[in-house]
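**Student:** give me a 3D structure for the following:
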Amino acid sequence: MNKIYLDNAATTPLSEEVIDAMVATMKMNFGNPSSTHSFGQEAKILIENVRRQVADYLHVTPAEIIFTSCGTESNNMIIKSSVEHLGVERIISSPLEHKCVSESVLDMKSRKGVEVNYIRPNEKGDIDLNKLEELLKASDKKTLVTLMHANNEIGNLIDIKKVAELCKAHNALFHSDTVQTMAHMNLDFSDIKVDFASCSAHKFHGPKGVGFAFIRKSSGLKGIITGGPQERSLRAGTENVAGIVGLGKALELSLNNMEAYTNHMQDIKSYAAERLMAEIPGIKFNGRSAEKENSLYTVLSALLPYKNPLIGLQLDMKGIAISQGSACSSGASKPSMVMMMVLSEDEMDHCTPLRISFSHLTTKEDIDGLVTALKEISKDYFVIENTNVEHR
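**Tutor:** A predicted model of the protein is given here:
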């Protein structure tokens, strides 16, 4: 069976060049980066080289890049430390955030008494920036705004620069979960005045277990993992040297090929939308995922016109890896919060969401295989007669 991988928003396969760089590091640079002898300092140099590389990409200083284990750790650190150490008393967010953000916000509400305001998205998954401005004006409390750059289920993009400008105008801190856009888009944080952002290397063909937080140096944020001076005392613990090297190599490959990768995935996404519309009567697309503008090119969120909670398993049995939403919500008995926000009650009761996500390795043949499999599965749920769909 030829396997087809269409779950790149959950994770991406490691590039061969990344594997080679990591193996070489594990063989040759095993020293502890905190050690003062040559073995340790050679490892330290590798870390600092990647730190400068990331900083150059984002147009920030190396001191503002803090290596972590993943985006989840970065988001937890930023949100919780903003409350613990920066005096944040209010958080403005949305129901569309990744669980690591939404649960960190709720943790601060329950343990620290932080006021939480949510901006409810419209049926397309858009965040109303006028509502954000109203909320910013409504209180003098020290406020943190946390809104993700691109939604990991429906791909909607926010105007991150405009949000940052609104926050600055009202003396609020701005954190953006940029896990889905880092290394997929050109991000200039000298122009986009975010205070904090996050990254996971495995979203752009790097290794799992490594990421970074961007923490603007003027913020005064402090670490929540203590025990050593590593990472500017913001994240204690011996650094994952091979993982950081892998992140750097993956970033290098992504930036060097960004235009080609973007064009390829946009073409694949358009092809997928066209084929699904032509072959699956009644299919719809969630949020703005089928649009070229205001949507991340790596994600297409579809809604099948029948209820089938086993669709992921059935596709897997046909050799196709796909998800119905965020990997962090996999196995949940109810729809994700994102789907609850953008779908009607009738759609949630009678339809099935699918998240199809692409990489530069995805081919049109992969999409054809998915369409064929869906047509076979769909025969058990409705009868197609010409263009009419009769639900069984």
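**Student:** got the buried residues for whichever helix or strand residue 274 is part of?
**Tutor:** According to DSSP states H and E, residue 274 maps onto helix 258-279. By 16 or more other CB atoms under 10 Å, the buried positions in helix 258-279 come out as 261-262, 264-265, 268-269, 272-273, 275-276. Quick note: C-beta positions are derived from backbone N, CA and C, even for glycine.
**Student:** the residue nearest to residue 156 when sequence neighbours are not counted - how many residues pack around it?
**Tutor:** In this structure, residue 156 finds its nearest non-sequential neighbour in residue 125, 4.4 Å apart by CB to CB, 6 or more residues apart in numbering. Per other CB atoms under 10 Å, the neighbour tally for residue 125 reads 23.
**Student:** same check, this time on residue 63
**Tutor:** Residue 63 has 12 neighbours, counted by other CB under 10 Å.
**Student:** now residue 5, which residues is it bridged with?
**Tutor:** When bridges are called by DSSP bridges, residue 5 pairs up with residue 321.
**Student:** contact partners for it?
**Tutor:** Residue 5 makes contacts with 13, 321, 361-362, 366, as judged by CB atoms under 8 Å, 6 or more residues apart in numbering.
**Student:** filter the residues you listed to the buried ones?
**Tutor:** Buried among the contacts of residue 5 by 16+ other CB under 10 Å: 361-362, 366.
**Student:** which ones among the residues you listed map onto helices?
**Tutor:** Using DSSP state H, residue 366 are the members of the buried ones among the contacts of residue 5 that sit in helices.
**Student:** which one of the buried ones among the contacts of residue 5 sits closest to residue 317?
**Tutor:** residue 366 (16.8 Å; CB to CB).
**Student:** quick one: pLDDT of the closest one?
**Tutor:** In this model, residue 366 is scored at 98, pLDDT.
**Student:** same check, this time on residue 389
**Tutor:** pLDDT, residue 389: 43.
**Student:** and what of residue 333?
**Tutor:** The model's pLDDT for residue 333 equals 50.
**Student:** what are the ranges of the strands in this protein?
**Tutor:** 4-5, 65-68, 90-93, 115-118, 143-146, 173-176, 196-200, 211-215, 284-285, 299-304, 320-321, 352-357, 382-385, 388-391 (DSSP state E).
**Student:** where does the stretch 201-350 of the chain dip in pLDDT?
**Tutor:** The model of the stretch 201-350 of the chain has pLDDT under 70 over residues 325-334.
**Student:** may I see the strands of the chain organised as CSV, with distance to residue 135 added?
**Tutor:** CSV is the format used below for the strands of the chain (distance: least, CB to CB, whole Å):
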stretch, distance to residue 135
strand 4-5, 40
strand 65-68, 29
strand 90-93, 5
strand 115-118, 5
strand 143-146, 8
strand 173-176, 13
strand 196-200, 19
strand 211-215, 24
strand 284-285, 30
strand 299-304, 27
strand 320-321, 40
strand 352-357, 29
strand 382-385, 44
strand 388-391, 42
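**Student:** quick one: closest of the ones you listed to residue 155.
**Tutor:** When these are compared by CB to CB, strand 299-304 sits nearest residue 155, at 3.5 Å.
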